[in-house]
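Student: sequence? don't have it. structure:
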């Protein structure tokens with residue numbers, strides 16, 4: 001078959017690092033969006049401020065039981081050392097995504113000196129590029145799963161170092177801190193299927209350092225679970241039963257303390273997989289339709305395929321899911337695309353198409369076309385124009401908490417009446433509903449400073 005025409009190694013290298021810079025730029029200028037990202041960002045800010053590194057807090061003194069601490073630890077450490085800014089909250093996720101993209105260069109089998117083709121494929125998959133700048137648990141889950149899967153593969157090679165076996169269990173322990181027992185459900189089944197397919201069950205079982213490895217896994221993860229339950233009773237029941245069973249298998253679950261079940265049609269995970277990986281998914285489809293037999297002739301490509309397909313298969317019957325659930329299968333998808341690059345006549349079309357997406361995002365951002373979208377989904381621009389004291393009549397949004405560094409105070413109407421009688425300047429963030437409930441006399445005391453679609457910032461200058 002004719003060799004696929006690709007961009008030159010130098011262009012691939014420069015393109016990769018320019019995309020890293022571009023992603024870093026977006027991380028710095030795009031504010032944290034309500035609800036999810038701002039919530040995780042504020043949890044990290046509270047952790048860094050209070051020094052409470054065991055029990056995650058969604059607000060001061062209010063425990064957050066929905067997720068383990070690994071991603072929060074990373075963001076909180078970054079905030080602690082560098083300051084409260086969206087770039088620093090997102091920095092660990094950028095570093096992990098770039099590091100993982102560079103790591104898979106070792107699986108470039110085309111040349112003795114790996115090029116940046118593999119890292120560029122992974123970084124230009126839209127889902128992966130997006131998560132290089134999103135505060136969530138999915139990046140660290142992806143890291144953990146990748147450690148488990150790559151370590152298993154390396155441990156199964158001839159004359160493999162025993163370190164790979166321990167790294168396998170290390171990845172499992174890390175995953176338990178990243179997102180919980182789901183790490184076991186997303187890694188062990190595809191490994192088991194591959195072992196059955198290749199008749200390697202006995203070899204895998206005998207090569208694993210079971211005693212030392214399980215001890216390592218438990219020592220990494222169990223102390224935190226024990227300590228968190230001790231410090232915040234009820235956590236284990238909510239997290240293990242609620243988050244790992246009810247959330248995925250019961251779309252009517254009413255026990256979610258921090259959101260609501262995401263209702264999706266059955267099989268929606270597959271549409272997420274296709275939609276958030278274009279245009280690269282086209283190469284994978286061509287590989288499936290034109291050279292599917294190749295996938296099973298090689299133990300390596302079969303391993304990647306089982307890794308890739310298991311997660312969407314697992315979530316096919318779940319109605320409560322979101323698109324980040326496909327994030328852990330981006331590495332095997334990139335590797336399969338790389339392995340199947342020869343099935344396309346001109347690889348440059350896909351490379352240029354993939355590179356055009358982040359560049360288009362830059363053009364759209366620079367044009368100001370999405371300014372209203374950003375402004376309407378965060379309170380950053382309101383808080384930036386306010387100074388203390390800053391009040392609100394409703395529970396503050398997570399972005400308000402983050403950008404005010406926890407300085408905003410929720411008050412009632414009686415307290416507001418008292419402040420109005422004082423000769424002191426203060427700022428008030430009010431929803432349209434709150435504002436319309438005020439009398440004309442009260443409204444006359446305020447001047448509008450800034451507003452978005454949902455809330456407005458007002459200033460009271462005293463009498």
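Tutor: Arrived safely, thanks for sending. Values in this document were obtained by computation on a predicted structure and should not be read as measured data. Residues are numbered from 1 along each chain as shown.

Student: can you list contacts of stretch 155-162?
Tutor: Contacting residues not belonging to stretch 155-162 are listed as 154, 164, 165, 168, 200, 203, 204, 207, 208, 209 [Cβ atoms under 8 Å, 6 or more residues apart in numbering]. Glycine gets a C-beta too; all of them are placed from N, C-alpha and C.

Student: contacting residues around the residue nearest to residue 270 when sequence neighbours are not counted?
Tutor: Among residues not flanking residue 270 along the chain, residue 312 sits closest, at 5.6 Å (Cβ to Cβ, 6 or more residues apart in numbering). The contact partners of residue 312, by Cβ under 8 Å, 6+ apart, come to 269, 270, 273, 326, 329.

Student: Next, residue 312: secondary structure please.
Tutor: Here residue 312 is recorded as helix under DSSP: H, G, I helix; E, B strand; the rest coil.

Student: quick revisit: quick one, which of the contacts of residue 312 are buried?
Tutor: Neighbour counting with 16 or more other Cβ atoms under 10 Å marks 269, 273, 326, 329 as buried within those.

Student: Let's verify the closest residue to residue 407 other than its chain neighbours: helix, strand, or coil?
Tutor: Closest residue in space to residue 407, ignoring its immediate chain neighbours: residue 388 at 5.4 Å, by Cβ to Cβ, 6+ apart. Here residue 388 is coil, with the state taken from three-state DSSP.

Student: For residue 388, give its distance to residue 404.
Tutor: 8 Å (Cβ to Cβ, to the nearest Å).

Student: Please apply the same query to residue 40.
Tutor: 17 Å.

Student: Same check on residue 201?
Tutor: In terms of Cβ to Cβ, residue 201 sits 56 Å off from residue 404.

Student: who's more crowded, these two?
Tutor: Neighbour tally, residue 201 and residue 404, criterion other Cβ atoms under 10 Å: the higher count belongs to residue 404, 24 against 12.

Student: Quick one: residues contacting the more buried one.
Tutor: Contacts of residue 404 (Cβ under 8 Å, 6+ apart): 383, 386, 390, 396.

Student: now residue 335
Tutor: Here residue 335 is in contact with 104, 107, 118, 304 (Cβ under 8 Å, 6+ apart).

Student: now the strands: where do they sit in the stretch 301-450 of the chain?
Tutor: Along the stretch 301-450 of the chain, counting by DSSP state E, counting those that start in this stretch, strands occupy 390-392, 409-410, 426-431, 446-451.

Student: Could you check how far the shortest one is from the centre of its chain?
Tutor: Mean-position distance between strand 409-410 and its chain equals 30 Å (Cα atoms, centre = their mean, to the nearest Å).

Student: same check, this time on stretch 271-279
Tutor: 17 Å.

Student: Now do the buried residues in that stretch.
Tutor: Those buried within stretch 271-279 under the rule 16+ other Cβ under 10 Å are 272, 273, 276, 277, 279.

Student: and what of stretch 184-191?
Tutor: 186, 187, 190, 191.

Student: Could you identify the helix or strand that succeeds whatever helix or strand the third one lives in?
Tutor: Secondary structure assignment for residue 190, by DSSP states H and E: helix 182-198. Along the chain past helix 182-198, the next helix or strand (assigned with DSSP H and E) turns out to be helix 201-207.
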